[in-house]
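S.K.: A predicted structure for the sequence below; I have some questions about it.
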Amino acid sequence: MGDRCVPIAGRVAQIERAAAFLANGMSLDRCPIAAVRRRDAMSARLIGNGLRELDLFLTDLIVEAGRIDRLGAAAGHDPGVHPGRRIYSAAEAWRRTGPQLGLAGDRRARLRQMRAAQNRHCFGQLRDAGSETAMQRACADYARLAGEVLTALQGKLAQRL
């Protein structure tokens, strides 16, 4: 069971690092005063693009977890993305794969809210007063949801033993 979850655990760690990096103003420096200055300097488009990358990381994680669950020991190495079949939204990946993995359906609504917020940031010209807080909350949610996918996959694989 554990061997099949190693790639997923690595991707969860990647999402957690990326979320911390973005929430901290594009740095892993631990100085809170510097982080506030860095976040203040981030444009709306930069925030939106960062959140979009987190969404794509989570999307790929969900799809891979579904593939491992579906194929079990035969899953082997990830063959990569198939351009004609790629899913570009974590909410859509959650809708398609979530029930198979036993993921909570109500999380999809939060993913849709986060996707709408990232689009507002990407295509908006100005940041509003709540942009920084919303970005930090979305980063934390992406990291938490990635952990939920890993936990669900581990639970499904453990049931098969």
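M.R.: Here it is on my side, so go on.
S.K.: I'd like the next helix or strand past whichever strand or helix holds residue 10.
M.R.: Per DSSP states H and E, residue 10 falls inside helix 2-23. Next helix or strand after helix 2-23 toward the C-terminus (DSSP H and E): helix 32-41.
S.K.: And that next one, what's buried?
M.R.: Of all the residues in helix 32-41, those buried under the rule 16 or more other C-beta atoms under 10 Å are 35, 39. In short, each C-beta sits where N, CA and C put it, glycine included.
S.K.: Remind me what that helix packs against, helices and strands.
M.R.: Packed against helix 32-41 by the contact rule (3 or more C-beta pairs under 8 Å, 6 or more residues apart in numbering; DSSP states H and E) you find helix 131-159.
S.K.: and the angle from the helix it packs on to helix 2-23?
M.R.: Counting by axes from the mean of the first three to the mean of the last three C-alpha atoms, to 10 degrees, helix 131-159 lies at 180 degrees to helix 2-23.
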